[in-house]
Every structure is written in structure tokens, then in C-alpha cells.
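got a predicted structure here, sequence first:
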Amino acid sequence: MTAVLRVLMTIALSLALTPASAQRATPTDIELRTAYCIPVLQQAVQDSALLAQAYPDGQWKDWSAEAAAGLNDKLKRLQAYLEPKIGTFDQPTLTVAAERGKLDVDVAAQAQLSCFKQCESSKPAQGLDDRYTKCLSSCQAANPVVARTRACHRLDWLPF
């Protein structure tokens, strides 16, 4: 019995003396979602900037500038939440989540292009109408990758 007690004491002492840096926490779902959403919003900010350059005058310029500012604010919130904690987590897990976000951005873009093509026949000659908008919404909602990347634009799940 004393041998067992000695082994248990040795294990307890070694755990107590192990540096904190060697003990990495498992990220919560919120931290993983944040790691996933950072590259998604980085790409959205870049896309808004490209749209502003493509349409330097008129309504699209104003809209894309507002969109870019709003997306950039959301991106900063995500980074402010995750960056102070990043050294305490299991890095491979966070890296996998971020890489998944990068991959999903490309898959979602392809899915959205497919939806634009699918709904082309319901698009009016000028502007947008309800039929075309409903077609796009329905098509995009049917794709789980599009839904996952779009969820990054709503930060109601972030604690602050």
C-alpha cells in the first residue's frame, strides 16, 4: 500500500511541478468557431474592398465601404476575443478550425456562383425582384457550407 501511495504522490507532485505551458487547454466551441470565422471574415473584408474598386462611383461604392467597415469591426472583435487566449490552447485544434474556414470560403464561393447561374432565368433585366432574391436565398440556404460561413457574419454567439 505504501508503494501505491508513493507512486500516487510522485504523480501528483510531477503534475504540480509541470510548467503551465506544457498543459494546453482544449478550446471551447466558441474558441473553435472564432478560429474558423477569422479567415472567413478576412476574405469578406477583401471581397468588399475589391467590390469598392470595381465600382468606384455611385451606390455600390457607398455600400461596399459600409460593408467593409462593418466586416472589419466584426473581424477585430473576433481577433480581440481569441488572441489573448491563443497561447493557452492546443494549437493544432485551432489550426484545423482556421484551415477549415479557409477551405469553406472557397467552397461557399463556388456554391454561390452555382446559385447565381441556377437563378439566372428568374433575374429581371434590371435590378432585383422578389422571385430572383427568393431563388438565391433558397439555393444558398440549402448548402450547409454557405450557411456555416454566413453564420460568421452574426456574432451573437460571441461573449462580448
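Done, it's in.

tell me which element the residue nearest the centre of the chain falls in.
The centroid of the chain falls nearest to residue 37 when counting by CA atoms, centre = their mean (1.1 Å). Following DSSP states H and E, one finds residue 37 within helix 29-54.

in that helix, which residues are buried?
By neighbour count on 16 or more other CB atoms under 10 Å, the buried set for helix 29-54 is 31-45, 47-49, 51-52. C-betas here are computed from N, CA, C, even on glycine.

do the same with stretch 136-154
Judged by neighbour count (16+ other CB under 10 Å), stretch 136-154 contains these buried residues: 136, 139-140, 143, 145-146, 148-149, 152.

starting at the chain centroid, how far to that stretch?
Put simply, stretch 136-154 sits 12 Å off its chain's centre (CA atoms, centre = their mean, to the nearest Å).

report the mean confidence score over it.
Averaged across stretch 136-154, pLDDT comes to 92.

just the helices in this structure please.
2-17, 29-54, 59-82, 91-119, 130-141, 144-150 (DSSP state H).

please tell me how far residue 107 sits from residue 46.
17 Å (CB to CB, to the nearest Å).

now tabulate the buried residues of stretch 136-154 in CSV and tack on distance to residue 130.
Compiled in CSV, the buried residues of stretch 136-154 are given as follows (distance: CB to CB, whole Å):
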residue, distance to residue 130
136, 11
139, 15
140, 16
143, 21
145, 25
146, 20
148, 26
149, 24
152, 27
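
for those, which one is nearest residue 116?
residue 136 (7.2 Å; CB to CB).

surely the closest one meets residue 117?
No. Residue 136 is beyond contact range of residue 117, at 10.9 Å (criterion: CB atoms under 8 Å).

hang on, the earlier thing: can you pull the contacts of the residue nearest to the centre of the chain?
78, 101, 151-152 (CB atoms under 8 Å, 6 or more residues apart in numbering).

most widely separated two among these?
78 and 151 (12.5 Å).

separation between the spatially closest residue to residue 68 that is not a sequence neighbour and residue 78?
Closest residue in space to residue 68, ignoring its immediate chain neighbours: residue 48 at 3.7 Å, by CB to CB, 6 or more residues apart in numbering. Distance, residue 48 to residue 78, by CB to CB: 16 Å.
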